[in-house]
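Enquirer: 3D, please:
(one chain, ligands or ions: 1)
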Amino acid sequence: MAAAGNTFRQRAKHPRSIGRDTGGMDIYRAPDTSVIHPSILYFGTPVVLITTRNPDGSANITPMSSAWALADRVVIGLSGGGQGLANLLREGECVLNLASEDMHQAVEQLASTSGRNPLPAWKRDSGYRHEPDKFALAGLHAAPALTVAAPRIAECPLQLEALLVHSAFRPLEAWRDDADGYTIIELEVLHVHAHADIVVADTQHIDPTRYAPLFYLFRHYIGRGASLGKTFKAQV
Ligand SMILES: Cc1cc2nc3c(=O)[nH]c(=O)nc-3n(C[C@H](O)[C@H](O)[C@H](O)COP(=O)(O)O)c2cc1C
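Expert: Next up, the predicted model:
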């Protein structure tokens, strides 16, 4: 059954949890919790600006944040009805440009736009408008890629040229009646371009203390805080 509105399905009524002793030997008291039904689950992932090529040869920029990386693969999630998704499925390639925290205003310039024309009704009704030149709108600059047709975004500290490996459509009726579902996309990264000032000199490593990604956290833009330490596997 479709959910009413854009919220989590309320599968069961849960009473508000109360703080309870853990029952262990120590006296740790678990924080109070309550079961909530948030409209979104964007728990804080980096902002990626995906560049793709439109059918007329111009470039499109799709801001997104549902992305994770493992080995040379990046898996992303794109909701239906977007121009970037159509371009990526058609051309089989893109550039994943990682935004830095000082780019949050440029990203927000792009936030209410789409390269698609005309827009799907649900998107137009949510306040989106068509924008044919997102580079100009956001004051960003295109740089040629090595192997894919879409340009890199020069301002982004990391730019990953990538090929489409696999895609899988997922319907979303249960979440929102009017949406076009979403597509899981697996990409193989071919080339990693990095701003020189975030690379540890004479190595292949990113310096995490100098790389400042922009994060998207429950629809707010957040920068990185101070470094807290590193894992036992860190190489620099
Ligand atoms: C910071 C940010 C993160 C976003 N994350 C996603 C995402 O992970 N997946 C998605 O489908 N749309 C995401 N969006 C929404 C798309 O950017 C939006 O649908 C846009 O219109 C797509 O542009 P296009 O139609 O030109 O591809 C995000 C937007 C912003 C501003």
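Enquirer: near the ligand, anything from the helix or strand of the chain with the lowest mean pLDDT?
Expert: Among the helices and strands of the chain, helix 121-125 carries the lowest confidence by mean pLDDT, DSSP states H and E, at a mean of 89. No - using C-beta under 6 Å from any ligand atom, helix 121-125 never reaches the ligand; the gap is at least 6.7 Å. All C-beta spots, glycine's among them, are computed from the backbone N, C-alpha and C.
Enquirer: Not including adjacent chain positions, what is the nearest residue to the most centrally placed residue in the chain?
Expert: Of all residues in the chain, the one closest to the mean position by C-alpha atoms, centre = their mean is Ser65, 1.3 Å from it. Leaving aside its sequence neighbours, Ser65 sits nearest to Tyr216 (C-beta to C-beta, 6 or more residues apart in numbering; 3.9 Å).
Enquirer: Next, count neighbours for that neighbour.
Expert: Number of residues near Tyr216 (other C-beta atoms under 10 Å) recorded here: 22.
Enquirer: Please see if the helix or strand containing it touches the ligand.
Expert: Following DSSP states H and E, the helix or strand that holds Tyr216 is strand 215-217. Yes - Strand 215-217 lies within reach of the ligand by C-beta under 6 Å from any ligand atom, at Tyr216.
Enquirer: Pull up the pairing partners for that strand, direction included.
Expert: Paired strands of strand 215-217, with direction, are strand 43-46 (antiparallel), strand 220-222 (antiparallel) (DSSP bridges).
Enquirer: from the middle of its chain, how far away would that strand be?
Expert: 9 Å (C-alpha atoms, centre = their mean, to the nearest Å).
Enquirer: What mean pLDDT does that strand get?
Expert: The average pLDDT within strand 215-217 is 98.
Enquirer: and what of stretch 153-164?
Expert: For stretch 153-164, mean pLDDT rounds to 98.
Enquirer: residues from this structure in reach of the ligand?
Expert: Residues of the chain lying close to the ligand (C-beta under 6 Å from any ligand atom) are 47, 60, 62-66, 77-79, 82-84, 107, 111, 114-116, 128, 216.
Enquirer: Buried members of those residues into ChimeraX, please.
Expert: Entered in ChimeraX, the line below selects the buried ones among the residues of the chain next to the ligand, by 16 or more other C-beta atoms under 10 Å:
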select :47,60,62,63,64,65,66,78,79,82,83,84,107,114,115,116,128,216
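Enquirer: can you tell me which of the residues of the chain next to the ligand are in strands?
Expert: By the criterion of DSSP state E, membership of the residues of the chain next to the ligand in strands covers 60, 62-64, 77-79, 114, 216.
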